[in-house]
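S.K.: how would this look folded up:
(chains A, B and C)
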Amino acid sequence: MSSRGARTLTLAEAAEATGGKVLGDARVTFSRISPVHDAGPGDLALLADRRYAGGLEGCGGGALLVSDPLSGLPGGPRDRIVVPDAHRAMVTLLAMMYAVTPPEPGVDAAAVVHPEAEVCATASVGPGAVIGAGAVVGSGSAVGANCTIGAGVEIGRECVLLPNVTVYPGSVLGDRVVVHAGARIGVDGFGYVLVEDEHVKVPQVGGCVVEDDVEIGANCTIDRGSIGKTRIGVGSKLDNMVHIGHNVVIGTRSLVVAQVGIAGSTRLGEGVVLGGQAGVSGHLNIGAGARIGAQAGVISDIAPGQEVSGYPARDHRAYLKAMANLMRLPGVLKRVRRIERRLAGDKSESGD
Amino acid sequence: MSSRGARTLTLAEAAEATGGKVLGDARVTFSRISPVHDAGPGDLALLADRRYAGGLEGCGGGALLVSDPLSGLPGGPRDRIVVPDAHRAMVTLLAMMYAVTPPEPGVDAAAVVHPEAEVCATASVGPGAVIGAGAVVGSGSAVGANCTIGAGVEIGRECVLLPNVTVYPGSVLGDRVVVHAGARIGVDGFGYVLVEDEHVKVPQVGGCVVEDDVEIGANCTIDRGSIGKTRIGVGSKLDNMVHIGHNVVIGTRSLVVAQVGIAGSTRLGEGVVLGGQAGVSGHLNIGAGARIGAQAGVISDIAPGQEVSGYPARDHRAYLKAMANLMRLPGVLKRVRRIERRLAGDKSESGD
Amino acid sequence: MSSRGARTLTLAEAAEATGGKVLGDARVTFSRISPVHDAGPGDLALLADRRYAGGLEGCGGGALLVSDPLSGLPGGPRDRIVVPDAHRAMVTLLAMMYAVTPPEPGVDAAAVVHPEAEVCATASVGPGAVIGAGAVVGSGSAVGANCTIGAGVEIGRECVLLPNVTVYPGSVLGDRVVVHAGARIGVDGFGYVLVEDEHVKVPQVGGCVVEDDVEIGANCTIDRGSIGKTRIGVGSKLDNMVHIGHNVVIGTRSLVVAQVGIAGSTRLGEGVVLGGQAGVSGHLNIGAGARIGAQAGVISDIAPGQEVSGYPARDHRAYLKAMANLMRLPGVLKRVRRIERRLAGDKSESGD
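M.R.: Next comes the predicted model:
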């Protein structure tokens, strides 16, 4: 948990860095960026989304960073930077303002590192962290306080493990991997066979590989393979409390929103997006670029690029339309009843 | 994890404290309250709900605490206290019986407190806890074993952090906040921008504020603001494994049941109730007093006091009615087919 | 986190142990079992499921373990073991190959064990683990690094607590219980009463009992009883991130898949199976052998052996059929409209 110190910028510097143009006084400075409805003096207020335009009136910010299409709206600070995309410009400015200070290299006196573990001299290990036999921590990596790193774990370069993380023995992390507090990596998968009415555990002896540039949210659980390997592909990002079953393969550059669960042996292609609380059954193939809606329950393969919702998950638009129709069902029932009565009436009349 | 020792009470004392009346022997004592179907000798059996009235027969308790409307039911201990609301009376009695003994003040020898942190003399810090530079722990607060408290964190008075909690740097907790084991407070939000096919992280530099009298369940994750602040309002209670996204504002006195997820920048009014496993999309407004049903998926604003269910969430009663109708749909289909056949028949007849 | 070393076997030994027959060279050895599409030289490739038969072509394994009905498929290693059920045979072989080496008995120098706690001489306590007053750790049990075991906790024989676990005071674990990293056992339940607009906490003073041979997944949360006890029955298995509310009783030999939530006071019979992300409301009875589908939302009692899906949960087949019909609803609407037009037309004609 490295600390950050914010640097002060002028509107002129900020405009130059983001390709924007200054309206008003380019010498105005700021040391914080704040949402337009929250900004105080000395803050650069951000307006990137029309939804928040109401915050312009009475905005207390010292200056305004605004997307071009919204710059004509009334109210807000007079001194401003106008850019094509204020949200994107904010990312550039934040990176300039908040340089990350990594923790001092070295092993804290209150850490417990096994004599057969290998911690690079430029790496850091926080107080209370425990590192097992044969584990390797690469250059510039930081293992947070009270983490437990199992025997034989490999952690690459410039990784950050926030506090209270557990990595089970034999798991492998690439370079620049970020693991948030409380995540569990390489956990036993959920595998049993029924023998005379008892659930007998299938030994979970496979591996768990987290590739380069992956970020794993707080309190996630990632199982290792039963046999074979679980794999999180390069550049994929997992939000908090995501569960990944054994032998799952997540393709590169996928986004998995909070509380998603993916059951064992399912394979995701590149660039898949899963909305919050979605669930995917085991042994499925999810094609590259597929988009699984929030809370969707996927129980069959999904084609590349397909967008699905609901349980069981099906085409997103068709599902929403069907749910809208469902609310009209009482009316349909009434109409069918009316027709039936009318036909019954016709009959009696014709029976005359 | 303070321990509790139970105090023995007489029926007379208990009746006086709860405004109840004693039937039978007022000198009978008890040192535990138990559900009616579980009570043993020396226990005060509780009957607060008609669902459990079957437990009266054969009840082994030494005495009975019963709600007035249920006191005429047959069976159960003869010596009893009759009160208007037995559940409410139980809360009063438990608070008398189980005085909480806070841990001894002081920093455990196996804790690691940064020299620039400030721990009040009346506060306690458990073994293995790590407290960062500039952090403040207020009077009477208890930081549990193996917690990790980041740099600059502020913890108010009489807070209780159970073991293995992580608080990210700069987060602020008010007074009398309870944080259960494994909760993560002030986590990086899930924010990326796509730059040349890579997900580039939006620096998460905002704050996280947990106001007075909030209780946070085990293994919850609460993100800090990206810019701006995440805020959990006074007196709100979160059950286990709740996920709160960045910049979310939870109003005062809200109840959030287990495994709920709330996506970034959504704002809840006062006194909102969210049922278990419900999900709320980002950038929404949930009005004061709204009730979100269990497993509901909210994808648009909810008016104050509204009660919703389902995905996408809509009026609770309308949703349940629609789902009931859905089960009748096969019958409707059959009836429509019958009408069509009949009309086709009419036609052929009329074509005669 | 004990380590494992794999033993090398011949096909002859493996066939004998699993009751299989060898085709080809019985002297071929292997030291790993791998999925058929992943196997390298020296590996015994596994083919237990027709879905993965495509991996036979080009399979790099040194030998093949195959279920009898699939043994006629073309391709794959020539030397092989044919068994009735290859998955079941794999479990037998893995148990032979990967003998679990428990950690050395003894309390690590960096653990903090209260002088009034009792740790059996054959038990082990990892670095950073904290064990409270009056706690008991039985023979052959292992408490992982950075675990926190509260006062008065009882842990039976041959239990394994992986790292970073929390057990609240007074909880009781039977024999051979496995608790994965980050699980929280005996947490306060979610109970409040409204007093003058404030949520006043109901003291949670009951117990939490985890019976013999239970396995609890990573980052699970199990509440203790408010009064009374929460109980997880003999031989039940919980996947990761399962939430169990206060006073819940889970019957023996039940399977609870990842991210399930069960609300307070619900009782499950023997051998219940809950699919991933399912939710069960409080105060319900779920009969023995019931099967709750993934993501189902159960809001009323379920009969023994019943299979349910959806929200609100109802008969599994009826639900899937209803959802299929839902997608045909737009067509039904069109047909009703056509009938109405026709009847309106008839009328106008008959009015001629």
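
S.K.: Tell me if residue A:55 really is in a helix.
M.R.: Yes: remark: residue A:55 belongs to a helix, assigned using DSSP: H, G, I helix; E, B strand; the rest coil.

S.K.: how distant is the longest helix seen in chain A from the center of its chain?
M.R.: When chain A is parsed with DSSP state H, its longest helix is helix A:329-350. On the basis of CA atoms, centre = their mean, to the nearest Å, helix A:329-350 sits 53 Å off its chain's mean C-alpha point.

S.K.: repeat for stretch A:95-111
M.R.: On the basis of CA atoms, centre = their mean, stretch A:95-111 sits 24 Å off its chain's mean C-alpha point.

S.K.: now the end-to-end length of it.
M.R.: One end of stretch A:95-111 to the other measures 31 Å (CA to CA, to the nearest Å).

S.K.: Now that stretch: buried residues?
M.R.: Buried residues in stretch A:95-111, defined by neighbour count with 16 or more other CB atoms under 10 Å in any protein chain shown: A:97, A:98, A:103, A:105, A:107, A:108, A:110, A:111. Glycine gets a C-beta too; all of them are placed from N, C-alpha and C.

S.K.: The last one contacts residue A:127, correct?
M.R.: Spelled out, it's residue A:111. Yes: using CB atoms under 8 Å, residue A:111 is in contact with residue A:127, at 6.2 Å.

S.K.: rewinding a little: what about the buried residues of stretch A:95-111, which are in helices?
M.R.: Secondary structure defined by DSSP H assigns residue A:97 of the buried residues of stretch A:95-111 to helices.

S.K.: Return the item of the buried residues of stretch A:95-111 having minimum pLDDT.
M.R.: The pLDDT minimum for the buried residues of stretch A:95-111 sits at residue A:103, where the score is 85.

S.K.: Please name the nearest non-neighbouring residue to it.
M.R.: Distances taken as CB to CB, 6 or more residues apart in numbering or on different chains place residue A:124 nearest to residue A:103, at 4.5 Å, with adjacent residues excluded.

S.K.: and if you look at residue A:166?
M.R.: residue C:181 (3.9 Å).

S.K.: what's the answer for residue A:294, then?
M.R.: Excluding the flanking residues, the one nearest residue A:294 by CB to CB, 6+ apart is residue A:275, at 3.4 Å.

S.K.: how much space between the most centrally placed residue in chain A and residue A:57?
M.R.: Centrality entry for chain A: nearest residue to the mean C-alpha point is residue A:239, 3.1 Å, by CA atoms, centre = their mean. According to CB to CB, to the nearest Å, residue A:239 stands 34 Å off from residue A:57.

S.K.: ok, which residues in the stretch 101-250 of chain A are in contact with chain B?
M.R.: Contacts of the stretch 101-250 of chain A with chain B, taken as CB under 8 Å from any CB of the partner chain, map to A:108, A:110, A:126-128, A:144-146, A:162-164, A:180-182, A:213, A:215, A:217-219, A:235, A:237, A:239-241.

S.K.: Contact partners for the residue nearest to residue A:106 when sequence neighbours are not counted?
M.R.: Distance criterion CB to CB, 6+ apart; nearest residue to residue A:106, sequence neighbours excluded, is residue A:124 at 6.0 Å. Listed by CB atoms under 8 Å, 6 or more residues apart in numbering or on different chains, the contact set of residue A:124 reads A:102, A:103, A:104, A:105, A:106, A:107, A:108, A:141, A:142, A:143.

S.K.: what's the neighbour count on the closest residue to chain C within the stretch 1-150 of chain A?
M.R.: Closest to chain C within the stretch 1-150 of chain A is residue A:148: 3.6 Å, counting by CB to the nearest CB. Counted by other CB atoms under 10 Å in any protein chain shown, the residues lying close to residue A:148 total 32.

S.K.: The spatially closest residue to it that is not a sequence neighbour: neighbour count?
M.R.: Leaving aside its sequence neighbours, residue A:148 sits nearest to residue C:163 (CB to CB, 6+ apart; 3.6 Å). Residue C:163 has 30 neighbours, counted by other CB under 10 Å.

S.K.: Is residue C:163 in a helix, a strand, or coil?
M.R.: Three-state assignment for residue C:163 (three-state DSSP): coil.

S.K.: who are the neighbours in contact with it?
M.R.: By CB under 8 Å, 6+ apart, the contact list for residue C:163 reads A:130, A:148, A:166, C:1, C:126, C:144, C:145, C:146, C:147, C:181.

S.K.: can you check residue A:203 too?
M.R.: When contacts are counted by CB under 8 Å, 6+ apart, residue A:203 touches A:226, C:91, C:94, C:95, C:98.

S.K.: what do you get for residue A:283?
M.R.: A:263, A:264, A:265, A:266, C:49, C:51.

S.K.: any weak-confidence spans in the stretch 251-352 of chain A?
M.R.: For the stretch 251-352 of chain A, the stretches with pLDDT under 70 are A:346-352.

S.K.: just the helices in it please.
M.R.: Along the stretch 251-352 of chain A, the segments classed as helices by DSSP state H, counting those that start in this stretch run A:316-327, A:329-350.
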